[in-house]
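A.B. asks: need coordinates for the following:
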Amino acid sequence: MVYKNFFLRISITLLLLIVYFGIAYLKFDYILYLALFIYFLLIIEVYLNFSKLKYIILAYLIISFLFLLQINFNETEFNTFHLMIVIVISFDSFSYLIGKTFGSIKILKYISPNKTLEGFIGGTTLSILAGLIYSFIFKIDININLILFILIIIISSFIGDVIESYFKRVNNIKNSSIFLPGHGGFFDRFDSFILTIIVYNVSSKII
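C.D. replies: Residues are numbered from 1 along each chain as shown. I've put the predicted structure just below:
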């Protein structure tokens, strides 16, 4: 069941990545419109399925979107933005697989009981590797600032996931909806990005 669910997660993730990079290839500026559509879906999902802390969650989404609007979507920034996408996706996928396969030490038992130390360490290690490989291929300078950027994105991705888990726990729901097989809902899939967009807006200046 773990690997069946992982296959569904990876399939949906790959589909979303194809859409993302397809749009980015046409014109990177169009990513803003894709993001606008995603935030719209997130707001509708939260409004319909969350009752407790609803307006706090909606404010969280709106703040994240406002930070997204501050990103300069031009040719000088697209590689850094793509790198952020690669890191978040890698961390989410690898931490899930390793945690489900080898995880035993719970690190957030009362908020997100599926999070394990093994998953966090494995996801962190492999997403750092993925970030470095991407940087090497696309000629982003590999230095201490890049490593720091990758670590900051990983940590914000993890915290973003935990924040969404807390909101679901308060509302006593397992998934934000049932629209994305292997994930649950749009909030479940994009939870890590919501906080990471805020952090990226600041941390991208260091590389």
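A.B. asks: and the lengthiest helix in the chain, how far out from the chain's middle?
C.D. replies: Determined from DSSP state H, the single longest helix within the chain is helix 144-170. Helix 144-170 sits 8 Å away from the centroid of its parent chain (CA atoms, centre = their mean, to the nearest Å).
A.B. asks: same for that helix, what does it pack against?
C.D. replies: Under the contact criterion of 3 or more CB pairs under 8 Å, 6 or more residues apart in numbering; DSSP states H and E, helix 144-170 touches helix 78-102, helix 117-137, helix 186-203. The way it works is simple: take the backbone N, C-alpha and C, and place the C-beta from them, glycine included.
A.B. asks: deepest-packed of those helices, please.
C.D. replies: helix 186-203 (a mean of 23; mean count of other CB atoms under 10 Å).
A.B. asks: run through the chain and note the low-pLDDT ranges.
C.D. replies: 1-6, 74-76, 182, 205-207 (pLDDT under 70).
A.B. asks: can you name the residues that contact Glu164?
C.D. replies: Ser176, Phe187, Asp188, Asp191, Ile194 (CB atoms under 8 Å, 6 or more residues apart in numbering).
A.B. asks: buried ones in the longest helix of the chain?
C.D. replies: Going by neighbour count (16 or more other CB atoms under 10 Å), the buried part of helix 144-170 is 146, 149-154, 156-158, 160-165, 167-168.
A.B. asks: stretch 37-53 now?
C.D. replies: Ile38, Tyr39, Leu41, Leu42, Ile43, Glu45, Val46, Asn49, Phe50.
A.B. asks: and the fifth one, what element?
C.D. replies: Counting by DSSP states H and E, the element that carries Ile43 is helix 31-49.
A.B. asks: what is the orientation angle of that helix with helix 186-203?
C.D. replies: 130 degrees (axes from the mean of the first three to the mean of the last three CA atoms, to 10 degrees).
A.B. asks: dump the C-alpha coordinates for helix 31-49 into CSV.
C.D. replies: Only the C-alpha atoms of helix 31-49 are listed here, as CSV (Å, rounded to 0.1, in the frame of the first residue of the first chain):
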residue,chain,number,x,y,z
ILE,A,31,4.0,30.9,-14.1
LEU,A,32,2.4,33.8,-12.2
TYR,A,33,-1.0,32.9,-13.8
LEU,A,34,-0.5,29.2,-13.0
ALA,A,35,0.2,30.2,-9.4
LEU,A,36,-2.8,32.5,-9.3
PHE,A,37,-5.0,29.5,-10.4
ILE,A,38,-3.5,27.3,-7.7
TYR,A,39,-4.0,29.8,-5.0
PHE,A,40,-7.6,30.2,-6.1
LEU,A,41,-8.1,26.5,-5.8
LEU,A,42,-6.5,26.5,-2.3
ILE,A,43,-8.7,29.3,-1.1
ILE,A,44,-11.9,27.5,-2.4
GLU,A,45,-10.8,24.2,-0.8
VAL,A,46,-10.0,25.8,2.6
TYR,A,47,-13.2,27.8,2.5
LEU,A,48,-15.3,24.7,1.8
ASN,A,49,-13.6,22.1,4.0
